[in-house]
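> dropping a prediction and its sequence here:
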Amino acid sequence: MNGWTTQRVVAVVAIAAVVVLVLLGLTRREPLPEVSTVAVATEALSVAVTSNGKVEPIAPQVMRAQLATFVEQVNAVAGQTVKRGDLILSLDATDARAELARTREELLAAEEALRQAQAGGPADEVAQLKSDLSKTEAELKRLRQEREALTRLRARQAATQDELDQNQLALDRAQAQMKFLQSKRDELQRRTKVDIERATLLAERSRNSLRSLEEKVASARVVAPVDGVVYQLPVRKRDFVHVGDLLAEMADLTHVRVRAFVDEPDLGGVREGEKVEITWDALPSRSWMGTVEVVPKTVVARGTRSVGEVLCAVASEKSELLPNINVNVRIRVREQSSALVVPRAAVRSEGVERYVFVVEGNVLRKKAIKIGMAGATKYEVLAGLKAGDQVAMPGEVELRDGLKVRPISQQ
């Protein structure tokens, strides 16, 4: 082998060695890191205020005892749906009925006394006084006429002085009798006026007592004043109840009010008419919709929280939301039917600026964005991204601008 040939062989071997080394280097290079990505999309987005609340009946019907007595019978159970007029329970009204009968007798006596007083007094006494006055008045008239006649006769010496004196004596007695009878009449009239006032008061008091007792006797039958659900029934048969004790509570529960306790920082976004979603842990698969009716003008302390009590009207067609239960409240303060959204986890902050890492090919590019509404898991994107852009999600790999990655879509 000559020198030229040897050189060629050496060159070929060297080139082969370089190729082998390059191939070995390529096979030993570390793979690109995997990064999860999510596509920017357009969808409905809502911003909500979440809190807790309590269910209240809109028009509760509270029935209380008007008698101190025993419960005679209970005809309903708590949770039962009743119609207007249905008997819920009854009380023992025996004593009240007896008192009612006595009061009716007292009223009759008072009305009779009033009639007598308005007639001027007892009928026989009034009649006798009237008769005596009439007779005395007639006697006075006769004696005065007789005196005039005797005076004329005495002037002609046809009558004696003794006859005139006898006439004067009789006239004085008749006048005295008239004064006595007039005084008696005046006294009777004064007494009658007092009797009228007394009898009027007694009759009115008896009527008031009668009405009150009639209401109490009627209240012994506790009936449903409206269609609805009896949600509280604390008494049982043979229980003793006092005046004012709670017997039953009921209401139409197809429409209820929820008192939502919204934390002070969240109150600013709540407006009347906004949609409300109610959930109850006891029925986790159910939800009820309503609207905000009243936004509070002040806040109150509730435990360690400062809250505003937002009143919400909620429909519950099956009457499942019972008064006083604790519920979860979600008030939709803003809604956008078509918003460009990005996961909140993909958005990062740098001072007041917000940015994401967008995957271009297999390289991450830092891109500033402007956000709008903030939902529970997503932000509305106002500028910086377009639908279809792939943004990197945080994971084990530390994201940075220019990093080469192997993107893995989560969608």
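Sure, I can see it. Fair warning: this is a prediction, and the values are worked out from it, not measured in the lab. Numbering: from 1, shown residues only.
> in the stretch 151-300 of the chain, which spans are helices?
161-219 (DSSP state H, counting those that start in this stretch).
> residues in contact with the residue nearest the centre of the chain?
By Cα atoms, centre = their mean, the chain has its centre lying nearest to Ile58, at 4.6 Å. Under the criterion of Cβ atoms under 8 Å, 6 or more residues apart in numbering, the contact partners of Ile58 comprise Ala251, Asp252, His255, Val256, Arg257, Ala313. The way it works is simple: take the backbone N, C-alpha and C, and place the C-beta from them, glycine included.
> any idea how far Leu107 is from Glu215?
The gap separating Leu107 from Glu215 is 16 Å, by Cβ to Cβ, to the nearest Å.
> these two - which one has more neighbours?
The neighbour comparison of Leu107 against Glu215 (other Cβ atoms under 10 Å) goes to Leu107, with 19 against 11.
> surely Thr81 meets Val226?
No - under the contact definition of Cβ atoms under 8 Å, Thr81 does not touch Val226, with a separation of 11.6 Å.
> C-terminal to the helix or strand of the chain with the lowest mean pLDDT, what's the next element?
Of the helices and strands making up the chain, the lowest-confidence element is helix 3-28, at a mean of 59, by mean pLDDT, DSSP states H and E. Where DSSP states H and E defines the elements, the next helix or strand beyond helix 3-28 is strand 34-39.
> run through who's touching that following strand.
Applying Cβ under 8 Å, 6+ apart, the contact partners of strand 34-39 are 342-343, 346, 359, 364, 387-393, 395, 397, 399, 405-411.
> could you point out the helix or strand that follows it?
Moving toward the C-terminus from strand 34-39, the next element (DSSP H and E) is strand 41-57.
> figure out how far the helix or strand that that next one is followed by is from the centre of its chain.
Sequence order places strand 61-64 as the next helix or strand after strand 41-57, per DSSP H and E. The chain centroid and the centroid of strand 61-64 are separated by 14 Å under Cα atoms, centre = their mean, to the nearest Å.
> before we move on, what about stretch 133-149?
So, by Cα atoms, centre = their mean, the centroid of stretch 133-149 is 83 Å from its chain's centroid.
> if we can go back for a sec, for the residue nearest to the centre of the chain, give me phi and psi.
phi -70, psi -40 (degrees, to the nearest 10).
> ok, Ser337 next?
Residue torsions, per degrees, to the nearest 10, at Ser337 are phi -70, psi -20.
> still on that earlier bit, any idea how far the residue nearest to the centre of the chain is from Gln232?
In this structure, Ile58 and Gln232 are separated by 16 Å, where distance is defined by Cβ to Cβ.
> cool, Arg152 as well?
On the measure of Cβ to Cβ, Arg152 and Gln232 end up 100 Å apart.
> export stretch 261-271 as PDB, just CAs?
As requested, C-alpha coordinates have been extracted for stretch 261-271 and formatted as PDB (Å, rounded to 0.1, in the frame of the first residue of the first chain):
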ATOM      1  CA  PHE A 261     -75.400  36.800  54.800                       C
ATOM      2  CA  VAL A 262     -73.000  38.500  52.300                       C
ATOM      3  CA  ASP A 263     -69.600  39.600  53.600                       C
ATOM      4  CA  GLU A 264     -69.000  43.400  53.500                       C
ATOM      5  CA  PRO A 265     -66.300  43.400  50.800                       C
ATOM      6  CA  ASP A 266     -68.700  41.500  48.400                       C
ATOM      7  CA  LEU A 267     -71.700  43.800  48.900                       C
ATOM      8  CA  GLY A 268     -70.600  46.400  46.400                       C
ATOM      9  CA  GLY A 269     -71.300  44.100  43.400                       C
ATOM     10  CA  VAL A 270     -74.800  42.900  44.500                       C
ATOM     11  CA  ARG A 271     -77.800  44.600  42.800                       C
END
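> tell me which residues of it come out buried.
If you call a residue buried by 16 or more other Cβ atoms under 10 Å, then stretch 261-271 has these buried ones: Phe261, Val262, Asp266, Leu267, Val270.
> which members of those are positioned in strands?
Residues of those located in strands (DSSP state E): Phe261, Val262.
> turn the buried residues of stretch 261-271 into TSV, columns for distance to Val307 and pLDDT.
TSV is the format used below for those (distance: Cβ to Cβ, whole Å; pLDDT from 0 to 100):
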residue	distance to Val307	pLDDT
Phe261	4	95
Val262	6	93
Asp266	9	85
Leu267	8	87
Val270	12	89
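> which two of the buried residues of stretch 261-271 have the greatest separation?
Largest separation among the buried residues of stretch 261-271 by Cβ to Cβ: Phe261 and Val270, giving 12.0 Å.
> so what's in contact with these two at the same time?
When contacts are counted by Cβ under 8 Å, 6+ apart, the set common to Phe261 and Val270 consists of Gly308, Val310.
> more neighbours, Arg152 and Gln232?
Residue environment comparison for Arg152 versus Gln232 gives the larger neighbour count to Gln232, 19 against 11, counting by other Cβ under 10 Å.
> who's in contact with the residue nearest to Thr200 when sequence neighbours are not counted?
Closest residue in space to Thr200, ignoring its immediate chain neighbours: Leu114 at 6.0 Å, by Cβ to Cβ, 6 or more residues apart in numbering. In this structure, Leu114 makes contact with Ile196, Ala199, Thr200, Leu202, Ala203, judged by Cβ under 8 Å, 6+ apart.
> and those, which is closest to Leu322?
When the contacts of Leu114 are compared for distance to Leu322, the smallest value, 49.4 Å, is given by Ala203; criterion: Cβ to Cβ.
> how many residues are close by that closest one?
20.
> likewise Gln157?
Applying other Cβ under 10 Å, I find that Gln157 has 7 neighbouring residues.
> now do Gln189
11.
> could I get the pLDDT score of it?
According to the prediction, Gln189 has pLDDT 70.
> one more: the one 5 residues further on?
pLDDT, the model's per-residue confidence, is 72 for Val194.
> put together CSV for the contacts of Ile58, with pLDDT, neighbour count and distance to Asn326 on each row.
Conversion of those to CSV gives the following (pLDDT from 0 to 100; neighbours: other Cβ atoms under 10 Å; distance: Cβ to Cβ, whole Å):
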residue, pLDDT, neighbour count, distance to Asn326
Ala251, 94, 23, 18
Asp252, 92, 16, 21
His255, 92, 17, 19
Val256, 94, 26, 13
Arg257, 95, 21, 14
Ala313, 95, 15, 18
